[in-house]
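**Student:** Fold the following for me, if possible:
(chains A, B and C)
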Amino acid sequence: MSISISYIIETAGIVVFTISGAFSAMQKRFDAFGVLIIGFVTALGGGTIRDVLIGYTPVTWMRTPNIPILIFATGIVTLFFKNHIKNLKTTFIIFDAVGLGLYTMIGIQKGIQAGLDPGICIILGTITGSFGGVLRDILLNDIPQIFRKEIYATACIVGGVIYFILLESLNRDVARLVTISLICGIRLIAVRFNLSMPKFYA
Amino acid sequence: MSISISYIIETAGIVVFTISGAFSAMQKRFDAFGVLIIGFVTALGGGTIRDVLIGYTPVTWMRTPNIPILIFATGIVTLFFKNHIKNLKTTFIIFDAVGLGLYTMIGIQKGIQAGLDPGICIILGTITGSFGGVLRDILLNDIPQIFRKEIYATACIVGGVIYFILLESLNRDVARLVTISLICGIRLIAVRFNLSMPKFYA
Amino acid sequence: MSISISYIIETAGIVVFTISGAFSAMQKRFDAFGVLIIGFVTALGGGTIRDVLIGYTPVTWMRTPNIPILIFATGIVTLFFKNHIKNLKTTFIIFDAVGLGLYTMIGIQKGIQAGLDPGICIILGTITGSFGGVLRDILLNDIPQIFRKEIYATACIVGGVIYFILLESLNRDVARLVTISLICGIRLIAVRFNLSMPKFYA
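**Tutor:** Modelled structure (predicted):
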């Protein structure tokens, strides 16, 4: 996968996660500062937890100040154009799914670079993809959505497992592209058909 | 204390904390993924916070992939046999108390290894023993139980203080065994007689 | 700024943040242990997150055991003299504002020492000054106040930006003093006139 494509998708992922966080905060009547912080946490929380657990510090966004700038700019634009952005719902669902796939892949890569076991890498991919949303929900004082709503983190786990299977026979770049597409696809199908994991009650 | 006994108790502690977390999640109607994650966080959250604060990264469970496997296996068994497990209530309370003692001791040891002061080691022991439950309650969107219910973290603190006093005159292994038994005993007595710390209201 | 003045103000900041956290916990009927922990988290949570994100571990309070001792002593005094302390409301607001300014400055300094960009240093200052309160509110199961109430974190950000501008022309100690006074002043004016950031609703 060429660097530029990956760069564009990652940037799009950050933008989409920021906007989605910002909207959640506006629904709770947060002030402008709160909206920006929730956008920030939604976009970078998962990767931050991952970096801290691995011990990769200062965490990634501290070494690449362009990322916080991108997030705050996105948050401010969201505040001022909220009525226009709201209408782009379908666009968001798609970007969010693409972002999920890419974030998961980035997390898996960082785990491999740190010399960790495949199972641990899959956990790190899942954390990167979905724990920004968990932190967002904690700050909003809600039960994290990913524990009750449509398939989300499960897509990351399935994708991660498939990735390590594919690596046995495929070129790494091809395996990555297939995995990202798969995570994105599972997520879109889950949203479209309102699929969810079985619930258990004790 | 022989390695095998400590290993067996630690394994039992992980299993019990996982099951207790999984049940809390099922009571909130989480999906299967949510149940597994809450089990994971309950069992490993305290140790993870401890490792991150000390700077011992990648955190312990990332270096010992058998632990996550044990937890997920336990979580899946819990999902399928929930009705049988529910009846083992007394067994759990005992294992939970033993797990609390052992987790606390592990945390204190890690602090000593890092060259930290006794007071800080006791804090680390308390975090290891009781903050998995704090993270569990945050994710369940509840006020952490240990701040309001029967004596729990207090048992860790008392045990930690006694441990450092015992170390003055006793062999380390004996001091450990006495401490673990003490924490376990305080906890069981607190549950049995429904003892709690004094409450204050401002 | 001489070490002794900075030391006195930092100590006062720790004391005030501990007391404010302890009172929040008492309002929720926490037990004695819970009150002490919430005091601890309110006073040290922001600095702890900062240290973990930078990778400065073991975190500061683990290396300076006097700080936890000061906090627990303050917490215990608060429990026993809560009725007297309550009447000091104005005193607290002032100390809290001074603490906010100093904590922010400390965070910025740590960022500069770690060789991070000014923008990142400002974020670290803001985290140091205001995220202890965010952790407190999460543990109390409330929506974090700083996202909805009077100007708080915004004072840190404004102060941080001004600090880097002042550094261009002023001596570092003077720039620090001006910045701390500015953050403290913005906060006091916000409380006095009940100023808040604009709210947005999506």
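**Student:** Please write out the alpha-carbon positions of stretch A:150-160 in CSV.
**Tutor:** The C-alpha atoms that make up stretch A:150-160 are tabulated as CSV, following Å, rounded to 0.1, in the frame of the first residue of the first chain:
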residue,chain,number,x,y,z
GLU,A,150,-24.2,-3.2,16.2
ILE,A,151,-21.1,-5.2,15.4
TYR,A,152,-18.1,-2.8,15.7
ALA,A,153,-15.1,-4.1,17.7
THR,A,154,-16.0,-7.6,16.5
ALA,A,155,-15.2,-6.5,12.9
CYS,A,156,-11.7,-5.5,14.1
ILE,A,157,-11.1,-8.9,15.8
VAL,A,158,-12.3,-10.9,12.7
GLY,A,159,-10.2,-8.7,10.5
GLY,A,160,-7.1,-9.1,12.7
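**Student:** Residues touching that stretch, excluding its own?
**Tutor:** For stretch A:150-160, contacts defined as Cβ atoms under 8 Å, 6 or more residues apart in numbering or on different chains pick out A:100-101, A:104-105, A:108, A:121-122, A:125-126, A:129-130, A:133, A:145-146, A:179-180, A:182-183, A:186-187, A:190-191, A:194-197, B:33, B:37. Every C-beta, even on glycine, is put in place using the N, C-alpha and C of the backbone.
**Student:** now those residues: which count as buried?
**Tutor:** When the contacts of stretch A:150-160 are checked for burial by 16 or more other Cβ atoms under 10 Å in any protein chain shown, the buried set is A:100-101, A:104-105, A:108, A:121-122, A:125-126, A:129-130, A:133, A:145-146, A:179-180, A:182-183, A:186-187, A:190-191, A:196-197, B:33, B:37.
**Student:** Just the ones of the residues you listed in helices?
**Tutor:** Counting by DSSP state H, those place A:100-101, A:104-105, A:108, A:121-122, A:125-126, A:129-130, A:133, A:179-180, A:182-183, A:186-187, A:190-191, B:33, B:37 in helices.
**Student:** how about the most centrally placed residue in chain A, what does it touch?
**Tutor:** Nearest to the mean C-alpha position of chain A, counting by Cα atoms, centre = their mean, stands A:Gly129 at 3.5 Å. Neighbour list for A:Gly129: A:46, A:100-101, A:103-104, A:107, A:153, A:156, A:183 [criterion: Cβ under 8 Å, 6+ apart].
**Student:** Save the residues you listed as JSON lines, and put in pLDDT too.
**Tutor:** Listed next are those as JSON lines, based on pLDDT from 0 to 100:
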{"residue": "A:Gly46", "pLDDT": "96"}
{"residue": "A:Leu100", "pLDDT": "92"}
{"residue": "A:Gly101", "pLDDT": "93"}
{"residue": "A:Tyr103", "pLDDT": "93"}
{"residue": "A:Thr104", "pLDDT": "95"}
{"residue": "A:Gly107", "pLDDT": "95"}
{"residue": "A:Ala153", "pLDDT": "89"}
{"residue": "A:Cys156", "pLDDT": "95"}
{"residue": "A:Ile183", "pLDDT": "96"}
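**Student:** which other helices and strands contact the helix or strand of chain A with the lowest mean pLDDT?
**Tutor:** Least confident helix or strand, chain A: helix A:82-86 with a mean of 80, by mean pLDDT, DSSP states H and E. Under the contact definition 3 or more Cβ pairs under 8 Å, 6 or more residues apart in numbering or on different chains; DSSP states H and E, helix A:82-86 sits against helix A:3-27.
**Student:** in the helix it packs on, what counts as buried?
**Tutor:** A:6, A:9-26.
**Student:** Other residues contacting it?
**Tutor:** So helix A:3-27 is contacted by A:34-44, A:67, A:70-71, A:74-75, A:78-79, A:82, A:85-86, A:92, A:95-96, A:98-100, A:102-103, A:106, A:132, A:136, A:140, C:147, C:200-202 (Cβ under 8 Å, 6+ apart).
**Student:** count of neighbours near the spatially closest residue to A:Val134 that is not a sequence neighbour?
**Tutor:** Closest residue to A:Val134 apart from its sequence neighbours, by Cβ to Cβ, 6 or more residues apart in numbering or on different chains: A:Pro144 at 4.5 Å. Using other Cβ atoms under 10 Å in any protein chain shown, A:Pro144 is surrounded by 26 other residues.
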